[in-house]
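Trainee: quick one, fold the following:
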Amino acid sequence: MMSGTTVIVTGANSGIGRATTAGIVKLGGRVIMACRDVNSAEEAAREIRQETDADSKLLVVKELDLASISSIRTFCQGIMKEEPRLDVLINNAGVYQCPYTKTEDGFELQFGVNHLGHFLLTHLLLDLMKRSAPSRIVVVSSKLYKHGHINFDDLNSERNYDKAFAYSCSKLANLLFTCELAQRLEGSGVTVNALSPGIVRTNLGRHVHVPVVAKPLFNLLSWGLFKSPEQGAQTSLYLACSPDVQDVQGKFFSDCQPQVLLDKATNCEVASKLWDISEVLVGILK
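Mentor: Numbers count the residues shown, from 1 in each chain. Next up is the predicted model:
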């Protein structure tokens, strides 16, 4: 179903990204695993090859640190030089509820990686995707966007930082980015859609504090209530390859079904303003 396609998955070495990568390879697609930790990615690639009996050429590991503008630019220069086409870009990597940290370029880490890093990555790969049309961009967001708010006076959370709120804001930014990009891509042959994978058992929650005495119960509940990474990857795979969504543009999905978004996630004025500010922050010249 994906034979002959080239797909980039960010954060492909663990969790949903790894499960998405394995799913694409099983369908015959070639995946460029774009990861900050190259050693971990190489190990994941070896495991996926063993699990799927996939041709070794179907998995390529490349270094990409979304907390670094220079790393993103270097990665994209390499892709533009080496890859004749790019059929799908899956913006999957994410930072979740970490202590207050700044990227090397001075952005609050969750906003910097989850929104700005993927914003720049997508921008730099867009020409290749337009040349490869029909092509698709898949944005992994979260239903936690509902608790977020874009405060243009404090995008860096310097005045006030709440790690859960900052995560929700970054996921709201993902949806506003999807909304604005969808309008800009109209008629280009490139589609962009977003999704919520649901609550998945991954290491994304490593910064969430669970009291030691509650850990056994928490782990037991998580196995019963949370999705496996493979289940969490299903909507990413659906948006990446299903013919059902080949012409769908700017929508939000969960469990492979379209969802209705709150107005704040589709506000055109806010989406446009966030886009313009993001261009300035990541150094894209008009």
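
Trainee: the stretch 101-250 of the chain: strands as residue ranges?
Mentor: Applying DSSP state E, counting those that start in this stretch to the stretch 101-250 of the chain gives strands spanning 135-140, 190-196.

Trainee: select the longest helix from this structure.
Mentor: Counting residues, the longest helix in the chain under DSSP state H turns out to be helix 163-184.

Trainee: measure how buried the closest residue in space to Lys143 that isn't next to it in sequence is and give me the count.
Mentor: The shortest distance from Lys143 to any non-neighbouring residue, by CB to CB, 6 or more residues apart in numbering, is to Ser196 (4.5 Å). For glycine as for every other residue, the C-beta is placed from the backbone atoms N, C-alpha and C. Ser196 has 20 neighbours, counted by other CB atoms under 10 Å.

Trainee: and Ser196, bridged to which residues?
Mentor: Beta-bridge partners recorded for Ser196 (DSSP bridges): Ser254.

Trainee: that one contacts Gln259, correct?
Mentor: Yes. Assessed by CB atoms under 8 Å, Ser196 is found in contact with Gln259 at 7.4 Å.

Trainee: is it true that Leu89 lies in a strand?
Mentor: Yes. Assessed with DSSP: H, G, I helix; E, B strand; the rest coil, Leu89 lies in a strand.

Trainee: my guess is it meets Met129, correct?
Mentor: Yes. Judged on CB under 8 Å, Leu89 makes contact with Met129 at a distance of 6.6 Å.

Trainee: what is the least confident helix or strand in this structure?
Mentor: Using mean pLDDT, DSSP states H and E, helix 215-225 stands out as the lowest-scoring helix or strand of the chain, at a mean of 51.

Trainee: Ala67 is nearest to which of the strands of the stretch 101-250 of the chain?
Mentor: strand 135-140 (16.9 Å; CB to CB).

Trainee: picking up where we left off before, from the contact counts, what lies against the longest helix of the chain?
Mentor: helix 109-110, helix 118-131, strand 135-140, strand 190-196, helix 268-282 (3 or more CB pairs under 8 Å, 6 or more residues apart in numbering; DSSP states H and E).

Trainee: how distant is the longest one from the center of its chain?
Mentor: If I follow you right, that is helix 268-282. Put simply, helix 268-282 sits 18 Å off its chain's centre (CA atoms, centre = their mean, to the nearest Å).

Trainee: ok so, going back, wait, which of the helices and strands packed on helix 163-184 is closest to Gly148?
Mentor: helix 109-110 (10.5 Å).

Trainee: report the rounded mean pLDDT for that closest one.
Mentor: Throughout helix 109-110, pLDDT has a mean value of 98.

Trainee: can you list the neighbours in contact with that helix?
Mentor: With contact meaning CB atoms under 8 Å, 6 or more residues apart in numbering, helix 109-110 is reached by 67, 95-98, 100-103, 163, 166-167, 169-170.

Trainee: still on that earlier bit, make JSON lines out of the helices and strands packed on helix 163-184 and add distance to Glu51.
Mentor: Formatted as JSON lines, the helices and strands packed on helix 163-184 follow (distance: least, CB to CB, whole Å):
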{"stretch": "helix 109-110", "distance to Glu51": "31"}
{"stretch": "helix 118-131", "distance to Glu51": "27"}
{"stretch": "strand 135-140", "distance to Glu51": "22"}
{"stretch": "strand 190-196", "distance to Glu51": "24"}
{"stretch": "helix 268-282", "distance to Glu51": "36"}
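
Trainee: these: which one's closest to Ser157?
Mentor: helix 109-110 (8.3 Å).

Trainee: run the chain-centre distance for the closest one.
Mentor: 13 Å.

Trainee: likewise stretch 185-199?
Mentor: Here the centre of stretch 185-199 is set off from its chain's centre by 11 Å, with CA atoms, centre = their mean.

Trainee: for that stretch, measure first residue to last.
Mentor: 30 Å (CA to CA, to the nearest Å).
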